[in-house]
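> coords below, sequence missing:
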C-alpha cells in the first residue's frame, strides 16, 4: 500500500514530550532477539544522531530567532527519540559484540541499498564500500574470539557470512581519492537521495562509535585495530557524504532528513518481528510525520518552494534487512581488486595509492593483518563463517584449515 507522508498528520509537536518513565525502555535480549532487530536499532540510532547534528548545524547558520526556537523544539524530541532507540541496546553486550552488530548493519544495509540503487555511479559507490565493511566484520570477528573466546556467529546468526572482503590494508587511500562526484539534485531519483543520506548517517555513527570506544580496551591489538578501522570509517564518511549534492539548500536538506526518517521508521515498522520494538517504530513515525510538516513549512517560508518539488510523491518500497550472501559473493568475485582514483575506480595501484600505503604502513604489517596472524597462532586457524561454500576469490581461501 502506498504511503505519502506529506498527506499524513502525526502527533502534534506539543504532545510529543515524554517523561522519564516513558524514556526508560527495556532493552532487547541479545541472546534471543532477531539479529536484524538489533540492526534496525543501530541504523535508527545513526539516523537520529545525524538528524540532531544537522539541526544543530542549521541553527548555527541562521540568524532568525524564531527558526532557532522551532529547531530547538523538534531537536529536543529527536534527542529523546535517539535515547529511546539507542537505549534498546543491552548493557550486557560488550563493545566488541556491538561492534560486530555495527558491521553487520554496514554489510547488509549497504548491500541492500546497492541492489536497489537506480543510478549506476551511486550503485558502484555502495558496491565499493560494502566490500570494505565486509572485511572489517571478518577482522573484528577474529578479534572477538581472541579476546572474549566467543564466536561472532552467535551475533550474526548465519544471516551474514564472515570471511575476507577487500583486505583492510588496502583501504588506506590518499584522501583526495575518497571524494566522489555528487548526484544532481534536480535530476536524480528521489530514492537516490534517501539512500545517500541513510548510508552516510550509518557510516558516520560507526565512525563516532569507534573513535570513542577504541581506546577503552587494554589489549594492544584491540586498541590498534579500532584505530585503524576508525580511520577507514572517516574515509567512508567522506566517500558517502560527497555523493550528496552540495547545491541543496539548508531547507531542502532539512525536508530530506525528515522525509528519510519517515521512510525508515515506516520501513522498520512494517518488518519488525518484536512487537515492543515495533510499537516504538510506529510511535516515532507518528512524531516524524509532524517534524516533516514543520520542515516543509520552513522550506515554503524561507526557500519559496513547494517541498513536493524535491520529495518523492510517496514512500518507496520498504528498506529491508535481509541476507545478501549471493550478491556479496558476486562482488567478492568481481570487485576485490578495485581502488579509487579521483572520483572514479581503477584496478591497478597508482602512484598516490602506493605512496599512501608506504607512508601509513611504514613497512610494517597493519593491525588488520596482525589480528589474523595472532588469531591463527592462538587457535591454529582463522575465524570464518562460510555458509555458502569456499571464498569466491581463490587468493582469499583459507590455507591449512577449515573455517568456523
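Yep, that arrived. Being a predicted model, the structure only gives us computed values, none of them experimental. Numbers count the residues shown, from 1 in each chain.

> Pull the number of nearby residues for the residue lying closest to residue 346 once chain neighbours are set aside.
Among residues not flanking residue 346 along the chain, residue 339 sits closest, at 6.2 Å (CB to CB, 6 or more residues apart in numbering). All C-beta spots, glycine's among them, are computed from the backbone N, C-alpha and C. If you count neighbours by other CB atoms under 10 Å, residue 339 ends up with 19.

> Check whether residue 339 really touches residue 169, as I assumed.
No: at 11.7 Å, residue 339 and residue 169 do not qualify as touching, with contact defined as CB atoms under 8 Å.

> so what does the helix or strand hosting residue 43 touch, helix or strand wise?
Taking DSSP states H and E as the criterion, residue 43 maps to helix 35-59. Judged by 3 or more CB pairs under 8 Å, 6 or more residues apart in numbering; DSSP states H and E, helix 35-59 is in contact with helix 65-86, helix 95-116, helix 190-213, helix 250-271, helix 275-303.

> That one vs helix 250-271, what angle?
160 degrees (axes from the mean of the first three to the mean of the last three CA atoms, to 10 degrees).

> Counting neighbours, which bits of helix 35-59 end up buried?
For helix 35-59, a neighbour-count test (16 or more other CB atoms under 10 Å) marks 35-52, 54-55, 58-59 as buried.

> which residue is nearest the middle of this structure?
By CA atoms, centre = their mean, the chain has its centre lying nearest to residue 202, at 2.5 Å.

> Now do the contacts for the nearest residue to that one once chain neighbours are set aside.
Closest residue in space to residue 202, ignoring its immediate chain neighbours: residue 46 at 4.5 Å, by CB to CB, 6+ apart. Applying CB atoms under 8 Å, 6 or more residues apart in numbering to residue 46 gives the contacts 201, 202, 203, 204, 205, 206.

> JSON lines please, covering those and showing pLDDT and distance to residue 95.
Below are these laid out as JSON lines (pLDDT from 0 to 100; distance: CB to CB, whole Å):
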{"residue": "201", "pLDDT": "98", "distance to residue 95": "21"}
{"residue": "202", "pLDDT": "98", "distance to residue 95": "18"}
{"residue": "203", "pLDDT": "98", "distance to residue 95": "18"}
{"residue": "204", "pLDDT": "98", "distance to residue 95": "18"}
{"residue": "205", "pLDDT": "98", "distance to residue 95": "14"}
{"residue": "206", "pLDDT": "98", "distance to residue 95": "13"}
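
> Quick check on the residues you listed: which are buried?
Buried among the contacts of residue 46 (16+ other CB under 10 Å): 201, 202, 203, 204, 205, 206.

> Point out where this protein drops to low pLDDT.
1, 400-404 (pLDDT under 70).

> Go again with 90.
Applying pLDDT under 90 to the chain flags residues 1-3, 8-9, 312-314, 398-404.

> Could you look up the SS state of the spatially closest residue to residue 92 that is not a sequence neighbour?
Using CB to CB, 6+ apart and skipping residues adjacent in sequence, the residue nearest residue 92 is residue 30, 6.5 Å away. Counting by DSSP: H, G, I helix; E, B strand; the rest coil, the backbone at residue 30 sits in coil.

> Residue 30 and residue 273, how far apart?
Look at residue 30 and residue 273: by CB to CB, to the nearest Å, they are 15 Å apart.

> Compare these two (neighbour count), which wins?
Between residue 30 and residue 273, counted using other CB under 10 Å, residue 30 has the larger neighbour count: 19 against 11.

> The more buried one contacts residue 94, doesn't it?
No: counting by CB under 8 Å, residue 30 stays clear of residue 94, with 9.8 Å between them.

> Give me the phi and psi for the residue nearest to residue 346.
Dihedral pair for residue 339: phi -140, psi -180, per degrees, to the nearest 10.

> I'd guess residue 321 is in a helix, am I close?
No: Residue 321: not assigned to a helix; according to three-state DSSP it is coil.

> residues contacting the closest residue to it other than its chain neighbours?
In this structure, residue 321 finds its nearest non-sequential neighbour in residue 36, 4.0 Å apart by CB to CB, 6+ apart. Contact partners of residue 36, counting by CB under 8 Å, 6+ apart, are 108, 159, 271, 273, 321, 322.

> Now do the same contact list for the fifth one.
Residues near residue 321 by CB under 8 Å, 6+ apart: 36, 39, 40, 108, 109, 112, 271.

> same thing but at 6 Å, please
By CB atoms under 6 Å, 6 or more residues apart in numbering, the contact list for residue 321 reads 36, 39, 108.

> and what of the first one?
Contacts for residue 108 (CB under 6 Å, 6+ apart) come out as 160, 321, 324.

> Please repeat the previous calculation with a cut-off of 7 Å.
39, 160, 321, 324 (CB atoms under 7 Å, 6 or more residues apart in numbering).

> ok, now how distant is the third one from residue 104?
In this case it means residue 321. From residue 321 to residue 104 the distance is 9 Å (CB to CB).

> Next: residue 322.
12 Å.

> Which one's more surrounded, the two?
Per other CB under 10 Å, whichever of residue 322 and residue 104 has more neighbours is residue 104, with 25 against 12.

> Could you pull out the helices in the stretch 301-404 of the chain for me?
Counting by DSSP state H, counting those that start in this stretch, the stretch 301-404 of the chain has helices at residues 325-334, 351-361, 367-379.

> Which strands and helices lie in contact with the shortest one?
So the one you mean is helix 325-334. Identification of packing neighbours for helix 325-334 by 3 or more CB pairs under 7 Å, 6 or more residues apart in numbering; DSSP states H and E yields helix 95-116, helix 120-148.

> in that helix, what counts as buried?
325, 327, 328, 329, 331, 332.

> Just want the angle from that helix to helix 95-116.
Using the same axes, to 10 degrees: helix 325-334 against helix 95-116 is 80 degrees.

> what does the second one give?
When the same axes, to 10 degrees is applied, the directions of helix 351-361 and helix 95-116 differ by 170 degrees.

> buried residues in helix 351-361?
By neighbour count with 16+ other CB under 10 Å, helix 351-361 contains the buried residues 352, 353, 356, 357.

> can you tell me which residues contact the second one?
Okay, so that is residue 353. Applying CB under 7 Å, 6+ apart, the residues near residue 353 are 173, 174, 339.

> Can you report how many residues lie near the second one?
Spelled out, that is residue 174. Residue 174 has 17 nearby residues by other CB under 10 Å.

> Can you give me the neighbour number for residue 211?
Residue 211 - counted by other CB under 10 Å - has 15 other residues nearby.
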